[in-house]
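Enquirer: Need coordinates for the below:
(one chain, ligands or ions: 3)
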Amino acid sequence: MKTKAAVLWEIGQPWNVEEIELDPPGPGEVLVKLAASGMCHSDEHLVTGDLPFELPIIGGHEGAGVVQEVGPGVSWLAPGDHVVFGFIPSCGRCASCSTGHQNLCDLGALMGLGKQITDGTSRHHAQGKDLGLMCLLGTFAHHTVVNEASCIKIEKDVPLDRACLLGCGVVTGWGSSVYAAEVSPGDVVAVVGVGGIGANAIQGARLAGAKQIWAIDPVEFKREKAMEFGATHTAASMAEALPLIQEASWGTMANKVIMTMGVGDGGLLAEGLALTAKRGRLVVTNIHPAMEMSANVSLLDLTLMEKQVVGSLFGSGNPRADIPKLLGLYREGQLDLDGLVTRTYPLEGVNEGYEAMREGTNIRGVLVYD
Ligand SMILES: NC(=O)c1ccc[n+]([C@@H]2O[C@H](COP(=O)([O-])OP(=O)(O)OC[C@H]3O[C@@H](n4cnc5c(N)ncnc54)[C@H](O)[C@@H]3O)[C@@H](O)[C@H]2O)c1
Ligand SMILES: [Zn+2]
Ligand SMILES: [Zn+2]
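Expert: Ligands and ions are numbered 1, 2, ... in the order given. Next comes the predicted model:
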């Protein structure tokens, strides 16, 4: 069939919205008519080359839609089912999946190639070439074919233009606070960078009972929005936050610091650790350029203060359990998804949406399809 998708052909070029050819789903695969896709910063890393995935590639990894057709062997999904895509597939059988770490499923290793999990070939083609898929998904498109391991079936009551946010940003941010940082009641928490990920790290810290939540972002609009998600204090930079947190925490500093800047910067890690309390934990959620190999860290500070630095992928969560759980919190009015969506665009507005991200005027821009 023919459908439309946003394709990146070369680093540094804009997304090209064009007609593509889509093959029917093979064994273990599903054809999905997408309803919406969030525009996460991780797709921007493809454009800048910070994430060196194979090109050409269809962007987008934060999507939701309705199953249209299932390939041979798919027994638990049927046409009409609503699905959110997990940006890491979960097979349910590997050591990570079977020990409660679906975010680290062995199938995630195939992401950089972006082709189908089953046989490494492509169902998506344009201009005579096979197209890769961001995170094996390619949600900047009206339709896609993905492996069943990437699908999480959800109830039909939640609007898909909100549910899509659970495919990456909400679980990643919320889990960075709740699972990776292990925020507990009474903690002082600092979240560095208030985009789609940081806004949800703030919501996670709030739900976990943090006493103070510091939102640090150079953009005033982001700091204002942060207060709506549950931040109690704001600062424009880590340097500005340092004396303020010192005073407000009676010198103990932030028990948990969560790094959710647009582009990670190893040169700034020491500033993050300066905000971190004794026995505190700094969580690296933001993506650093693949070629960055050094960070500015006082290792003596780590030893003498027993500070911890941990990485976190997909909020260190289990998408099959956490996506329905967080949709439940939305239903009960305890998790704000509506406030995350600053603006919506048609697929053709994808470059405009990323321009708004660069300018800092969106918490999340969302592509909404017919
Ligand atoms: N680990 C994961 O599983 C995972 C998943 C999704 C996204 N990410 C990464 O998380 C990061 C955030 O993604 P996003 O979609 O929220 O991005 P975004 O661009 O929407 O938001 C980033 C925010 O960081 C702010 N910022 C930039 N430099 C800063 C600085 N020096 N100090 C404080 N704030 C600063 C920006 O003003 C912006 O508000 C990206 O690197 C993205 O690739 C990681
Ligand atoms: Zn993402
Ligand atoms: Zn697995």
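Enquirer: quick one: terminal-to-terminal distance for stretch 282-289?
Expert: 19 Å (CA to CA, to the nearest Å).
Enquirer: what do you get for stretch 255-273?
Expert: End-to-end span of stretch 255-273 (CA to CA): 11 Å.
Enquirer: Show me which residues of the chain sit near ligand 3.
Expert: Contacts of the chain with ligand 3, taken as CB under 5 Å from the ion, map to 91, 94, 97, 105. C-beta coordinates here come from the backbone N, C-alpha and C atoms, glycine included.
Enquirer: give me every residue that touches the second one.
Expert: Think residue 94. 105, 106, 107 (CB atoms under 8 Å, 6 or more residues apart in numbering).
Enquirer: ok, 6 Å please
Expert: With contact set as CB atoms under 6 Å, 6 or more residues apart in numbering, residue 94 has these partners: 105, 106.
Enquirer: Just among the residues of the chain next to ligand 3, which is most surrounded?
Expert: The most crowded member of the residues of the chain next to ligand 3, judged by other CB atoms under 10 Å, is residue 105 (25 neighbours).
Enquirer: how about the nearest residue to that one, chain neighbours excluded?
Expert: The shortest distance from residue 105 to any non-neighbouring residue, by CB to CB, 6 or more residues apart in numbering, is to residue 90 (4.7 Å).
Enquirer: Find the helix or strand that that neighbour is a member of.
Expert: Here residue 90 sits in a region with no helix or strand, counting by DSSP states H and E.
Enquirer: Over to residue 302?
Expert: With DSSP H and E as the test, residue 302 turns up in helix 299-305.
Enquirer: Could you give the average pLDDT over that helix?
Expert: Mean pLDDT, helix 299-305: 94.
Enquirer: next helix or strand past that helix?
Expert: Downstream of helix 299-305, the next assigned helix or strand under DSSP H and E is strand 308-311.
Enquirer: Please tell me how far residue 36 sits from ligand 3.
Expert: Between residue 36 and ligand 3 the distance is 26 Å, computed by CB to the ion, to the nearest Å.
Enquirer: Assess the claim that that residue and residue 161 are in contact.
Expert: Yes. Between residue 36 and residue 161 there is a contact at 4.0 Å, judged by CB atoms under 6 Å.
Enquirer: joint contacts of these two?
Expert: When contacts are counted by CB under 6 Å, 6+ apart, the set common to residue 36 and residue 161 consists of 366, 368.
Enquirer: Read off the pLDDT value for the residue of the stretch 101-250 of the chain found nearest ligand 3.
Expert: Residue of the stretch 101-250 of the chain nearest ligand 3, by CB to the ion: residue 105 (3.2 Å). pLDDT recorded at residue 105 is 98.
Enquirer: again with residue 111
Expert: pLDDT, residue 111: 87.
Enquirer: And residue 174, by the same measure?
Expert: Residue 174 is assigned 98 on the pLDDT scale.
Enquirer: Let me see the contact set for it.
Expert: 200, 204, 315.
Enquirer: Of the residues you listed, select the buried ones using a ChimeraX command.
Expert: Filtering these down to the buried ones (16 or more other CB atoms under 10 Å) takes a single ChimeraX command:
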select :200,204,315
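Enquirer: which of the contacts of residue 174 lies closest to residue 152?
Expert: For those, the residue nearest residue 152 by CB to CB is residue 315; the value is 14.1 Å.
Enquirer: Look up the closest residue to that closest one, ignoring the ones flanking it.
Expert: Counting by CB to CB, 6+ apart, the residue nearest residue 315 is residue 175, at 1.9 Å.
Enquirer: and the one you found, that's in a helix?
Expert: Yes. Assessed by DSSP: H, G, I helix; E, B strand; the rest coil, residue 175 belongs to a helix.
Enquirer: Check whether it really touches residue 318, as I assumed.
Expert: No. Using CB under 6 Å, residue 175 is not in contact with residue 318, being 9.1 Å away.
Enquirer: Compare these two (neighbour count), which wins?
Expert: residue 175 (27 against 22).
Enquirer: Now do the same contact list for the more buried one.
Expert: Residue 175 touches 315, 316, 317, counting by CB under 6 Å, 6+ apart.
Enquirer: Please list the members of the residues you listed that lie in helices.
Expert: With helices defined by DSSP state H, no entry of the contacts of residue 175 lies inside them.
Enquirer: from those residues, which single one is nearest ligand 3?
Expert: Taking CB to the ion as the measure, ligand 3 lies nearest residue 317 of those, at 13.9 Å.
Enquirer: what's the nearest residue to residue 149 once chain neighbours are set aside sitting at in phi/psi?
Expert: Nearest non-adjacent residue to residue 149, counting by CB to CB, 6+ apart: residue 89, 3.7 Å away. According to degrees, to the nearest 10, the main-chain angles of residue 89 amount to phi -70, psi 160.
Enquirer: And residue 42, by the same measure?
Expert: Per degrees, to the nearest 10, the backbone of residue 42 is at phi -60, psi -30.
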